[in-house]
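Asker: model this:
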Amino acid sequence: MKRCRVAYWGLDALFFERKLGDGSAILLLDGLDETPRTVERESIARLFENATQAYKQCRFVVTTRPLAYTGRSVLEGFESARIEPLGAEAIQKFLEHWCRGLFPDSARAAELHLAELAEALRLSLEIRHMARNPVMLTALAVVHWNERRLPEQRADLYESVLNWLARSREKRHGREPAERCLAILQQLALAMQSQPKGRALQVSKGRAADMLAPQFDAVPEPQRRQMALAFVEQEEADSGIIVSRGSETRFWHLTFQEYLSARAIAGLADKAQQDLLLTAHRIYGPEWREVVLLLGGVLHKQGKDKVNGLVSALLGKMGERSSLAQQARCAGLLGAMARDLRPFNYQPADPRYQRTMEAVLGIFDADKADSLEFQVRLQAAEALGQAGDPRLRRQNWIMIAGGGPADLKPFEIARYPVTVEEYRRFVEDEGYLHERWWGAGGFARNTEPGDWDKQVRHPNRPVTLVCWYEAAAYCAWTGVRLSSGAEWERAAVGLEGRKYPWGKEEPDESRANFDMNVGNPTPVGLYPAGATPEGVADMGGNVWEWVEEWYEGDKWRALRGGSFSNDMWLLRAAYRLRSAPGSRIDYIGFRCARDIAP
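Answerer: Numbering: from 1, shown residues only. Presented below is the predicted three-dimensional model:
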């Protein structure tokens, strides 16, 4: 009624009574969860229930976050409909409406903004995951509008999103200011990250209150835990930063926990930071990798010297007599940190960094590899994979000239077979759930490759236990394709007709992983002497590779290259094997190819 008077609509109480009485109205209560206290939510729920009895001809709709819709806040007689994560079509519709709302008088401006925003949302896997949640999608759209972009550096992106989430709730009665809210939550994040038995992804509400009680030292000690518990429950109900899982609480997105942990660490003195991260080599644990990378971004805002200090401490801790495996572990982590800070043009100033990087990548250099025992190189390569193999972030496409018996056009082929790390992005992007990638067939037969829990422990090995349909779906997802059999053979034999990818010399332990001399796939590129003259690695041995071609009819797909379990004669560049396209075997992977743009 007040809104009617202010807007001079001329609608009086009688108008609304008439609409309610004849059943021509729909009553919408938008945001039951926005009522800050449980008692008030329950009171409003009873009020709305009474309205349904008074105006039985009308329809009633209530929106709320699931967490706030519990206990006596549940409305009797209402049907619940939970909004599922947004799909690609729903996200696109949201963006279209958002942009038209921003530019109601200019279709051209709305169209341009839509293109910019859609491209920004495709920047990374993390952003695409966030965009499936309506609140997170709104946050990303707001950040993009406010900053005319989505920050390229991941720490900046999460800071912007979390600031928006916290600020959008701070004006509610009884809420902590946004910065204070995030300061409290970052202590919870670090406490969960630092549990003695390993990172906790969720804790009981009571345990969370115990962790946060010291943050409320402005009140008498007996009240601190109670205030901390109330804070947790309120944040669960409407912040979008932490959520409830039954009687336990967790961060909505794991990266929220990792970013806020990084913020908490960045607030410590340098020595305290190093003690926390370097004691017992915690910094190298897989659970801490993202925290450390995000910490680099947070520290950079304090000044480049802060990042350099952490880098030097890590290099110093490694020592002068460190093994190649230890150097690989350190180089992989620091290389990933430098890559994460690329938007700032950051490079570590400590000269030991470049020396370490060069020393480690030498295990993949044909001239340097000869001076190292194979087992040393293997351990170093595995460590590099665990820490983040920098080779896999490069543009690893090799141009193959046209010609040959098949008169092929020039094309590009991947330097390496597709690795576990690369395929993991497809799995985490729910590639198995989206039928549009499965035009070749096989959709919904699996949800991940075979023995996936074991495979992800070796990120820079070739992915295996994938059928031909999975290989084709991955290629569609990433915008490339499987090579044809003729293309694969052209890359392997060259125009000169090599017997093996590297030449005429017979296979040995320096050129290929075969004949069970290792017993399993090895990190890609570990046999540099076995690469083609153009630099294509692992075309002989390691894993068989699916190609596009059929094998003698339409029942079998062809495989090329040989594997770790085969005799040397199967590694010949012209040799073909066959397998049913639906088969998943631990010695079969695949390699991508693509056309050269005109």
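Asker: CA only for contacts and neighbour counts going forward, please
Answerer: Noted.
Asker: Check which helices and strands the host helix or strand of V311 sits against.
Answerer: For V311, the element it lies in under DSSP states H and E is helix 304-318. Under the contact criterion of 3 or more C-alpha pairs under 8 Å, 6 or more residues apart in numbering; DSSP states H and E, helix 304-318 touches helix 270-278, helix 289-302, helix 324-340.
Asker: helices or strands next to the last one in the packing?
Answerer: Counting contacts by 3+ C-alpha pairs under 8 Å, 6+ apart, the secondary-structure elements packed against helix 324-340 are helix 289-302, helix 304-318, helix 351-361, helix 374-387.
Asker: so which of the helices and strands packed on helix 304-318 comes closest to W452?
Answerer: W452 lies closest to helix 289-302 among those, at 20.3 Å (C-alpha to C-alpha).
Asker: Between helix 374-387 and that closest one, find me the angle.
Answerer: Angle, helix 289-302 to helix 374-387, by axes from the mean of the first three to the mean of the last three C-alpha atoms, to 10 degrees: 60 degrees.
Asker: Using PDB, write out every CA atom in helix 289-302.
Answerer: Output in PDB follows, covering the C-alpha atoms of helix 289-302 (Å, rounded to 0.1, in the frame of the first residue of the first chain):
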ATOM      1  CA  ARG A 289      48.600 -26.600  -3.500                       C
ATOM      2  CA  GLU A 290      45.700 -24.200  -4.400                       C
ATOM      3  CA  VAL A 291      46.100 -22.400  -1.100                       C
ATOM      4  CA  VAL A 292      49.800 -21.700  -1.900                       C
ATOM      5  CA  LEU A 293      48.900 -20.500  -5.500                       C
ATOM      6  CA  LEU A 294      46.200 -18.200  -4.200                       C
ATOM      7  CA  LEU A 295      48.600 -17.000  -1.500                       C
ATOM      8  CA  GLY A 296      50.900 -15.800  -4.200                       C
ATOM      9  CA  GLY A 297      48.100 -13.500  -5.600                       C
ATOM     10  CA  VAL A 298      47.200 -12.200  -2.100                       C
ATOM     11  CA  LEU A 299      50.800 -11.500  -1.200                       C
ATOM     12  CA  HIS A 300      51.400  -9.700  -4.500                       C
ATOM     13  CA  LYS A 301      48.800  -7.100  -3.500                       C
ATOM     14  CA  GLN A 302      51.100  -6.400  -0.500                       C
END
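Asker: So for that helix, mean pLDDT?
Answerer: The predicted model assigns helix 289-302 a mean pLDDT of 94.
Asker: How about residues contacting it?
Answerer: 153-156, 255, 258-259, 261-263, 265-266, 283, 306-307, 333, 336-337, 340-341, 387 (C-alpha atoms under 8 Å, 6 or more residues apart in numbering).
Asker: Which one of the helices and strands packed on helix 304-318 lies nearest to E96?
Answerer: Among the helices and strands packed on helix 304-318, helix 324-340 sits nearest to E96 (C-alpha to C-alpha), with 31.0 Å.
Asker: what's the spacing between G303 and Q347?
Answerer: Using C-alpha to C-alpha, to the nearest Å, we find G303 at a distance of 13 Å from Q347.
Asker: Please disregard the earlier target; I meant D210.
Answerer: Distance, D210 to Q347, by C-alpha to C-alpha: 41 Å.
Asker: With R289 instead?
Answerer: Separation of R289 from Q347 (C-alpha to C-alpha): 19 Å.
Asker: quick one, helices of the stretch 401-550 of the chain?
Answerer: Taking DSSP state H, counting those that start in this stretch to define them, one finds helices in the stretch 401-550 of the chain at 420-428, 452-455, 468-478, 485-493.
Asker: For the ones you listed, please prepare a markdown table with the additional fields mean pLDDT, distance to P196 and mean neighbour count.
Answerer: Formatted as a markdown table, these follow (pLDDT from 0 to 100; distance: least, C-alpha to C-alpha, whole Å; neighbours: other C-alpha atoms under 10 Å):
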| stretch | mean pLDDT | distance to P196 | mean neighbour count |
| --- | --- | --- | --- |
| helix 420-428 | 94 | 28 | 19 |
| helix 452-455 | 92 | 24 | 13 |
| helix 468-478 | 97 | 39 | 23 |
| helix 485-493 | 96 | 50 | 23 |
